[in-house]
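**Student:** Got a sequence here, can you model it:
(4 chains)
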Number of protein chains: 2
Amino acid sequence: MTVTLADVAARAQVSPATVSRVLNGNYPVAASTRERVLKAVDELDYVLNGPASALAAATSDLVGILVNDIADPFFGIMASAIQAEIGGPGGRAGGERLAVVCNTGGSPERELTYLTLLQRQRAAAVVLTGGAIEDAPHKAAMDAKLRKLADAGTRVVLCGRPPAPETGAIALTFDNRGGGQELTEHLIGLGHRRLGYIAGPQERTTTRHRLEGHRAALAAHGIEEDPRWTVHGRYDRRSGYEATLELLRRDASLTAVVAANDSVALGACAALRDSGLRIPQDVSVAGFDDLPFSIDAVPALTTVRLPLTEAGARAGRIAMGREEPPPGGIASVRGELMVRGSAAAPRD
Amino acid sequence: MTVTLADVAARAQVSPATVSRVLNGNYPVAASTRERVLKAVDELDYVLNGPASALAAATSDLVGILVNDIADPFFGIMASAIQAEIGGPGGRAGGERLAVVCNTGGSPERELTYLTLLQRQRAAAVVLTGGAIEDAPHKAAMDAKLRKLADAGTRVVLCGRPPAPETGAIALTFDNRGGGQELTEHLIGLGHRRLGYIAGPQERTTTRHRLEGHRAALAAHGIEEDPRWTVHGRYDRRSGYEATLELLRRDASLTAVVAANDSVALGACAALRDSGLRIPQDVSVAGFDDLPFSIDAVPALTTVRLPLTEAGARAGRIAMGREEPPPGGIASVRGELMVRGSAAAPRD
DNA sequence: CTCTACATAGAAAGCGCTTGCTGTCACGCT
DNA sequence: AGCGTGACAGCAAGCGCTTTCTATGTAGAG
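**Tutor:** Residues are numbered from 1 along each chain as shown, chains lettered A, B, ... in the order given. Below you'll find the predicted structure:
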């Protein structure tokens, strides 16, 4: 029924070994022979059996990409960049690798399960994006898993994730703390003293680091933080909307709202507008990430740009062994403050 | 070095066959034996070899998803929905399948190459999203490929793509024409008579259908279209910005701009604002797709909502054989007009 | 004109798993 | 006591490819 290497070999009057060699392009094969084989391949419409190759050669052309949610442009952009670099068709790299995108939805179990699944596939490399979950047992399990993957020859790269020392994983970490601090300092510089903060979910490194940066900025300027000024939520618009309403309820005198990311910021803007407050005249708003839509918000969002595309591309190249890992296997990627219209000096 | 089934078998004092059966959970195995095997698996930290299973069983747990660009939420949302349904860890379906996301970038060659790669992996199913390219030779090549995939037992589903009769592929088509028509009729109803149209790239079914809908609406209301009112571009913000400037240059009396999609519409808004025009007082703007950010534009975008999540989920279920395909293998998915602030009656 | 060396091609041994078929018991009927 | 009948477990034959090692033909080298 299905055409196999042997069929091609028979038709081209050569041995299966030769066909394999023509197809894999290593090992010398006489031009005339190669041609005959290629012709047979074409005539029979032969397609290599991936699993069989993978088994025999003990290699795989699958690369895993772990994301929280691929529908979120934050992850989509990184995934796209990684994918472009791992060299699917059209990519520079020779091999034609396939990207396996795994939506963990932020769930520890799924994260682990996906890693096992990728290990089962003997993935050539795995790139983990997004913040890590701060739960000791889970972190230990993850580290063990990453270690095992690395030991099995799978290149592991963390993109926008804190390093995992001793696991053999290369880390490209976003400087969320620094970015958060710079952003809040900008607001303080504008004259704000009462700033609400909409944080992401608890127990996530990204959430904690951004919040720490924010607090460091407050502390550096001698601003005492009111616990009521911080609300935790999810990294989405809806959450931003609700959290903002909550903040307003707790302290209507807030002059600025700093959001965990741009989506949350957009939700905050909507909530403020719905509450009859003008941005930035009544309340300033700031986001984080600088996703493409942030510049189209009105007023445009003041935020911290994370070089998602660049970082993803670099992670992809490192995963493919096409770029030298950073010294020590760890690199910190800085964000850049984007000053735009959503934040201005407070009225009073 | 690496642990194999045989190692587990030896340790559990059973045959490899038994271990395999325990792991695959078909075939009866005595509880005590199963336990012994599981214990050995655990102790040896054994992970099944995917390629080997795939080869032996002639099945695969890979599902391909073809998208233009996963960084674009339009595709990201569909991919996410599909992925949730094909039953990775946490999914309802028993099997743990991995989603292979392929970025074609709209290139015909890559589309075809990726299909071959998926065929090589003996993918369990393939879902193609986004519009098709209208080039006869390419369409023929695609159809032949899809046919071959289907014949090989791979379930093929088209999500938001025109049907490909005779290929065995199930099609969930978006009614772009109907949506386009409804949208433009809404604008005409508001009193617009001079409408600019920013179309997507030529030779794409999506582009053509939306444009046809627009023109049908104009025709239905006896509005003669000026050829200068249509500009083609890409499906991105930048393109929308430039095209709008071009439209304004060609005919500054336009009272409305209809964009190929929401991203283009956002670019159009920016261009209009930068030209000193107010939305919607001076010029109305309309988009298409209703991506999440569209509601946060100011004013919120009037657009046509496409049920991306629902369609993706349905495509995923059909791909998994978990839902009956629509009668005839073809279903048309309608969009819904979202009337918001970016379109209003023209001044004059 | 023989000898060595190189360039190709083939034979065959797996890679690690699944599964049809063949036992082997133990049990419950008659 | 004899035997059909399940319920398990094992044997062994692949699945389709890669790759090591070996064989062969040919071309310079001496």
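**Student:** wait, what's in contact with the residue nearest the centre of chain A?
**Tutor:** Nearest to the geometric centre of chain A sits residue A:129, at 3.3 Å (C-alpha atoms, centre = their mean). Going by C-beta atoms under 8 Å, 6 or more residues apart in numbering or on different chains, residue A:129 touches A:65-68, A:75, A:78-79, A:82, A:159-161, A:312, A:315. (Each C-beta comes from the backbone N, C-alpha and C, glycine too.)
**Student:** Among the residues you listed, which ones are in strands?
**Tutor:** Among those, the members found in strands (DSSP state E) are A:65-67, A:159.
**Student:** from those, which is closest to residue B:191?
**Tutor:** Nearest to residue B:191 among the ones in strands among the contacts of residue A:129, counting by C-beta to C-beta, is residue A:67 at 45.6 Å.
**Student:** Return the distance of the closest one relative to residue A:320.
**Tutor:** 18 Å (C-beta to C-beta, to the nearest Å).
**Student:** out of those two, which sits in the busier spot?
**Tutor:** residue A:67 (27 against 22; other C-beta atoms under 10 Å in any protein chain shown).
**Student:** wouldn't that one be in contact with residue A:126 here?
**Tutor:** No - taking C-beta atoms under 8 Å as the definition, residue A:67 is not a contact partner of residue A:126, at 11.8 Å.
**Student:** Mind listing what's buried along stretch A:314-326?
**Tutor:** Within stretch A:314-326, the residues scored as buried using 16 or more other C-beta atoms under 10 Å in any protein chain shown are A:314-320, A:325-326.
**Student:** do stretch A:52-72 as well
**Tutor:** Neighbour-count burial for stretch A:52-72 flags A:52-55, A:60-72 (criterion: 16+ other C-beta under 10 Å).
**Student:** and those near DNA strand C, which?
**Tutor:** Restricting the buried residues of stretch A:52-72 to those adjacent to DNA strand C (criterion: C-beta under 7 Å from any atom of the strand) gives residue A:55.
**Student:** Mind checking which of the buried residues of stretch A:52-72 are in helices?
**Tutor:** A:52-55 (DSSP state H).
**Student:** For the residues you listed, give me JSON lines that also has pLDDT and distance to chain B.
**Tutor:** Shown next, in JSON lines, are those (pLDDT from 0 to 100; distance: C-beta to the nearest C-beta, whole Å):
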{"residue": "A:52", "pLDDT": "97", "distance to chain B": "5"}
{"residue": "A:53", "pLDDT": "97", "distance to chain B": "8"}
{"residue": "A:54", "pLDDT": "97", "distance to chain B": "4"}
{"residue": "A:55", "pLDDT": "97", "distance to chain B": "4"}
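**Student:** restrict those residues to contacts with DNA strand D.
**Tutor:** Restricting those to those near DNA strand D - C-beta under 7 Å from any atom of the strand - leaves A:52-53, A:55.
**Student:** per-residue pLDDT, residue A:348?
**Tutor:** For residue A:348, the pLDDT comes out at 70.
**Student:** Count the residues that sit near it.
**Tutor:** Residue A:348 has 8 neighbours, counted by other C-beta under 10 Å.
**Student:** How about residue A:104?
**Tutor:** When neighbours are defined as other C-beta under 10 Å, residue A:104 has 24 of them.
**Student:** wait, what's in contact with it?
**Tutor:** By C-beta under 8 Å, 6+ apart, residue A:104 lies in contact with A:66-68, A:110-111, A:114.
**Student:** so which of the residues you listed comes closest to DNA strand C?
**Tutor:** Closest approach to DNA strand C among the contacts of residue A:104 (C-beta to the nearest atom of the strand): residue A:114, at 19.1 Å.
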